[in-house]
Structure formats: structure tokens, C-alpha cells
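**Q** Generate a structure from the sequence data that follows.
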Amino acid sequence: MDSSIALILLQDGVVNGAIYALLGMALVLVFAVTRVIFIPQGEFVAFGALTLAMLVDGKVPGTAYLLPLLGVVALAMEVLRAVRTRNAAGLPKAFVACLVLPLALLWLTQSYVAPGTSLWLNMLLTLALVIPMGPMVYRIVYQPLAEATVLVLLIVSVAVHFALTGLALVFFGAEGWRTPAFVSGQVDLGFTTWSAQSLFVVATCAILIVGLWLFFGKTLYGRALRATAVNRRGARLVGISTTMSGSLTFTLATAIGAMSGMLIAPITTVYYDTGFLIGLKGFVGAIIGGLASYPVAAAGSLLVGVLESFSSFWASAYKEVIVFTLIIPVLVWRSFSSHHVDEEE
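**A** Below is the predicted model of the structure:
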């Protein structure tokens, strides 16, 4: 290995690490607010990449049909809740969000899709199709179990992962997809040359991270999420709806997953189950941050990306083993340095 190879590997590691940082921060956010270890985060990465790729190819993506299906199930649960509690106050809003919006997006997608359409418009339509799935999944699966233990929520997350993977296979098929690069060309940085696409990915991830920091520090909803993360019971006592917090958290996590999927789509071929490994590497970064610290999770995710890149050069057959082995010393160190805290009843 010489300096030029090391710089190329470092470039790949930083690009991958930036994606893992986004996913790691999303996992920390979901766990802090809802106590859910969101294993299905990777499926939304695959949904974002595959939806964009099919739109670019001029085909109606599977998410356009999956979204109304999830909406019908979520609406049925809202109707049952209204009947059981004899309170129909939220039904009109649920009807619009779970039925009218998905059907409107399905009609728009079928009318709009055609080869050669703008890549940037396809990205916006992809976000519109994927992001509403987050709060729907929360409403269907996690909201009824909001007070369950972390272990129960983890088991449910594993089940949701397998369910979404199966749905991805049904709605997208087993074929792999890629998209054209968002930007082309090379950028000379003096000591090395980076592809414009790689710089675009890193810059986009940095902008999203800064946007999240501003959201949590400067907005009312961001502060409500922070309050819920610190103390769920105290948040309820001061009038913050934990249901709203959970739904908003899943919306943000899904948006981050969809953006991450679109960013990796030009770099690698994406299959229906590709997102799982990517999400797990983001999970390793989140574990390094103790599922609590956003900066440490981001730094840990960058470490995971760089370690994976150099491992692919020295021992490509064992790169996944090396990356996931990193979690062992972190868990051992945290087991000795952290104190047990009882869960809220």
C-alpha cells in the first residue's frame, strides 16, 4: 500500500462513514425518544434507493402501491380506536393522511412517471412516497406497544424487519438497481483528487446533520423531542404528547433513511435486502455513541466506514467480520463504565 491507495481507501471510508453517521444518528434519535432499537432502518434505505431507481427507469415503484396498503391498515386501527374510545376527533386527519394522500401520490406517480424525467424531481417524489411510511409503521406496530419493555420492542423490531424485507421482495422484486450520478467529474484538492459524486454525498450528509442540530436546538418540536428523550413521564406532565413525539421521530428517521438510500444508489447496486447490512453498520456507530450521544455516534460511524474501507484492502473476505467485531470492545467498555438505570414504569 502506498499513499495514493491509502487516500483512495480513505475517500471511500469517509463517504461510507458519512452515510453510516446519518443512520447512526437516526437510530440514536429513535431509541432516545421511543426506546425502540429501530432495526428496520435499513429497509427504508433500500426503499429510497429502489424507488428512485425505478422512477429514473420510467417505472412505477413498488412504494406507490405499498403506501396505500399501509395507509388502509393504519386507518383501520384509527377507526377501531375511535369506536373503542367513542372519540372520533382524529379521524378526519387520519383519513387524509392514511388514505387521501397515498392515493393522490399513487395517481401522481402513475401520471408523472416516464423515462428521462428530471432526477431532482424524482428525488422529491421518492421522499414523498417513502417518508409517510414511517409514521404509518409507528401507528401500526409501535404505538400500541409504547409502554412495553425495551426487550419486547426489540423483538418487535426484528419482526418488522423481516416483514418489510418480504414486502420489498414482493413490491420491488429480486433485481438490483442503480441510478446515474447526481454530479459528474473530478475535483482536484491538491493532495488528492476526489470524485464530485463523493463530495456531493459528504456535503449532503453534513448539511443534513447541521439541519438536525438546528431542528433540535432552535424549534419547538425539536425541543419537545429532546424533552421526551430525557423524561417521557415529565414530558407528558407538561403537555407534550408522546404519541406525537414518536410519530415525528419515525418520520425523521424514515426521511434520513430515504435520503441515505438515494445517496448510495449511484455508488452501489441496491437490492431489496441491501439496506439491512448498511443499517447494521450505522447501528455499530450508534452503539459506540451509547445510543445516547449524537456526536459520538457520528464519529463512531466515520470510524466504521474507514475501518471497513481499509479492511476491504487487507482482508476483503473478512471485512464484515472486522467491522462488527468492533462492537465487542465497545460493549465491554460500556458495561464497566455505565451504571444500571431502572426503566420508567
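
**Q** So for Ala292, what's the pLDDT?
**A** pLDDT for Ala292: 67.

**Q** The one 5 residues further on too?
**A** Reading off the per-residue confidence, Ala297 sits at a pLDDT of 79.

**Q** residues touching it, list them.
**A** Ala21, Gly24, Met25, Leu27, Val28, Gly285, Ala286, Ile288, Gly289, Leu291 (CB atoms under 8 Å, 6 or more residues apart in numbering). Where you see a C-beta, it was placed from the backbone N, CA and C, and this is true even at glycine.

**Q** nearest to Pro61, of these?
**A** Leu27 (25.0 Å; CB to CB).

**Q** if we can go back for a sec, any idea which of the contacts of Ala297 is least confident?
**A** Leu291 (66).

**Q** Pretty sure Pro135 sits against Leu252.
**A** No - applying CB atoms under 8 Å, one finds Pro135 not in contact with Leu252, separated by 10.1 Å.

**Q** follow-up on the earlier one: so of the contacts of Ala297, which ones are in strands?
**A** Among the contacts of Ala297, no member falls in strands (DSSP state E).

**Q** need these in JSON lines with neighbour count and distance to Ala146, can you?
**A** Listed next are the contacts of Ala297 as JSON lines, based on neighbours: other CB atoms under 10 Å; distance: CB to CB, whole Å:
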{"residue": "Ala21", "neighbour count": "31", "distance to Ala146": "28"}
{"residue": "Gly24", "neighbour count": "33", "distance to Ala146": "23"}
{"residue": "Met25", "neighbour count": "28", "distance to Ala146": "22"}
{"residue": "Leu27", "neighbour count": "29", "distance to Ala146": "18"}
{"residue": "Val28", "neighbour count": "27", "distance to Ala146": "19"}
{"residue": "Gly285", "neighbour count": "29", "distance to Ala146": "26"}
{"residue": "Ala286", "neighbour count": "33", "distance to Ala146": "21"}
{"residue": "Ile288", "neighbour count": "24", "distance to Ala146": "27"}
{"residue": "Gly289", "neighbour count": "21", "distance to Ala146": "24"}
{"residue": "Leu291", "neighbour count": "19", "distance to Ala146": "18"}
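
**Q** got JSON lines for the residues you listed, with distance to Phe182 too?
**A** Shown next, in JSON lines, are these (distance: CB to CB, whole Å):
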{"residue": "Ala21", "distance to Phe182": "19"}
{"residue": "Gly24", "distance to Phe182": "23"}
{"residue": "Met25", "distance to Phe182": "22"}
{"residue": "Leu27", "distance to Phe182": "25"}
{"residue": "Val28", "distance to Phe182": "27"}
{"residue": "Gly285", "distance to Phe182": "24"}
{"residue": "Ala286", "distance to Phe182": "27"}
{"residue": "Ile288", "distance to Phe182": "29"}
{"residue": "Gly289", "distance to Phe182": "29"}
{"residue": "Leu291", "distance to Phe182": "32"}
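
**Q** surely Tyr20 meets Gly282?
**A** Yes - counting by CB under 8 Å, Tyr20 does reach Gly282; the two are 4.6 Å apart.

**Q** So which residues of the stretch 201-345 of the chain form helices?
**A** 220-230, 232-237, 242-264, 274-288, 294-314, 319-325, 327-337 (DSSP state H, counting those that start in this stretch).

**Q** Can you check which of those gets nearest to Thr34?
**A** Closest among the helices of the stretch 201-345 of the chain, using CB to CB: helix 242-264, at 4.8 Å.

**Q** Measure how that closest one sits relative to helix 220-230, angle-wise.
**A** Counting by axes from the mean of the first three to the mean of the last three CA atoms, to 10 degrees, helix 242-264 points 110 degrees away from the direction of helix 220-230.

**Q** Offset the numbering so it begins at 9, please.
**A** OK, 9 is where the count begins now, so the last one is helix 250-272.

**Q** So which elements touch helix 250-272?
**A** Judged by 3 or more CB pairs under 8 Å, 6 or more residues apart in numbering; DSSP states H and E, helix 250-272 is in contact with helix 11-42, helix 49-64, helix 127-138, helix 141-145, helix 204-226, helix 228-238, helix 240-245, helix 282-296.

**Q** Please put the alpha-carbon coordinates of it into CSV.
**A** Coordinates of each C-alpha in helix 250-272 appear next as CSV, following Å, rounded to 0.1, in the frame of the first residue of the first chain:
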residue,chain,number,x,y,z
THR,A,250,-45.5,11.2,23.5
THR,A,251,-47.6,9.8,20.6
MET,A,252,-46.8,12.9,18.6
SER,A,253,-43.2,12.6,19.5
GLY,A,254,-43.0,9.0,18.5
SER,A,255,-44.7,9.7,15.1
LEU,A,256,-42.4,12.7,14.4
THR,A,257,-39.4,10.7,15.4
PHE,A,258,-40.2,7.9,12.9
THR,A,259,-40.9,10.5,10.3
LEU,A,260,-37.4,11.9,10.7
ALA,A,261,-35.8,8.5,10.8
THR,A,262,-37.6,7.4,7.6
ALA,A,263,-36.6,10.7,5.9
ILE,A,264,-33.0,10.1,6.9
GLY,A,265,-33.1,6.5,5.6
ALA,A,266,-34.7,7.5,2.3
MET,A,267,-32.1,10.2,1.8
SER,A,268,-29.3,7.8,2.6
GLY,A,269,-30.7,5.3,0.1
MET,A,270,-30.8,7.9,-2.6
LEU,A,271,-27.2,9.0,-1.9
ILE,A,272,-25.8,5.4,-2.2
